[in-house]
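In: fold the following, please.
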Amino acid sequence: MIIDKTKNYYVEPVEIEVYLKKAGKVRTVIKDLHVELIPVEPANEKSREIFDAFMMKEEPIDLMEVQNLYPEYIRLIYDSYYQNMELFEKLSMHFKAGLTGSIDSWRMALYFTELLMKYEPTVASKIIGDFQTHNLNYLIIKLNLLKEPFLLEDSTVAYLIKRRNSAYRDQPRDKEFDKLVELWEYNVKEKFF
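Out: All right, here's what the predicted structure looks like:
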């Protein structure tokens, strides 16, 4: 995977309303919520082998390529993903186009990955490992390195925050991060009312 500590974050804009006493006005300011991307640990030795094979090539884990490299998983992958196989084929095409330089393909791959994550976990992902989260991290970092703007769905942001908080559960609380998360959650709830 691409390693760049300055780009290992998803940045979510958070709107904050500030009351300016002297002017008697309310202003909206935007603060960036930096959500650290937590690397995915492979589920087992075979999973580690698959992850390592793609990480050595600095590529996302392409389910179509997994079937080519590890034919013993074709049946398992098909049984787990047959309803979405067409989407995985399109995602694979976007991965390939992205690797040849198409920035729009990286963005499309990100949105396909967000969509396909909604169908996890599956039997295959329990054996192969959480390749979807790995790919999500990969794509966010890739777009950060390319300095391309993008936003994620609220449910995906919440998932990244949950992973970050789980990884830091034994660490001292980051009060500024927690406050921005609280404001972000409030804004999300307000959208629906």
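In: next, the buried residues of stretch 141-152.
Out: By neighbour count with 16 or more other Cβ atoms under 10 Å, stretch 141-152 contains the buried residues 141-144, 152. To be clear about C-beta, it is placed using only N, CA and C from the backbone, and glycine gets the same treatment.
In: list the contacts of the longest helix that the chain contains.
Out: The longest helix of the chain (DSSP state H) is helix 175-191. Outside helix 175-191, the residues that touch it by Cβ atoms under 8 Å, 6 or more residues apart in numbering are 12, 14-16, 31, 33-34, 154, 157-158, 161.
In: one more time with 7 Å, if that's ok
Out: In this structure, residues lying in contact with helix 175-191 by Cβ atoms under 7 Å, 6 or more residues apart in numbering are 12, 14-16, 31, 33, 154, 161.
In: find the centremost residue of the protein, please.
Out: The residue lying closest to the centre of the chain (Cα atoms, centre = their mean) is Leu136, at 2.9 Å.
In: which residues does it contact?
Out: Taking Cβ under 7 Å, 6+ apart, we find Leu136 in contact with 113, 117.
In: could you redo the last one with a cut-off of 6 Å?
Out: Thr113 (Cβ atoms under 6 Å, 6 or more residues apart in numbering).
In: repeat for Thr133
Out: Shown in contact with Thr133 (Cβ under 6 Å, 6+ apart): Val40.
In: what about it, which helix or strand?
Out: Assigned by DSSP states H and E, Thr133 belongs to helix 131-145.
In: what's in contact with the next helix or strand after that helix?
Out: Going down the chain from helix 131-145, the next helix or strand is helix 154-167, by DSSP H and E. With contact meaning Cβ under 6 Å, 6+ apart, helix 154-167 is reached by 10, 12, 35-36, 38, 114, 181, 188.
In: helix, strand, or coil at the residue of the chain positioned farthest from its centre?
Out: In the chain, Lys22 marks the outermost C-alpha relative to the chain mean, sitting 42.4 Å out by Cα atoms, centre = their mean. The three-state label given to Lys22 by DSSP: H, G, I helix; E, B strand; the rest coil is coil.
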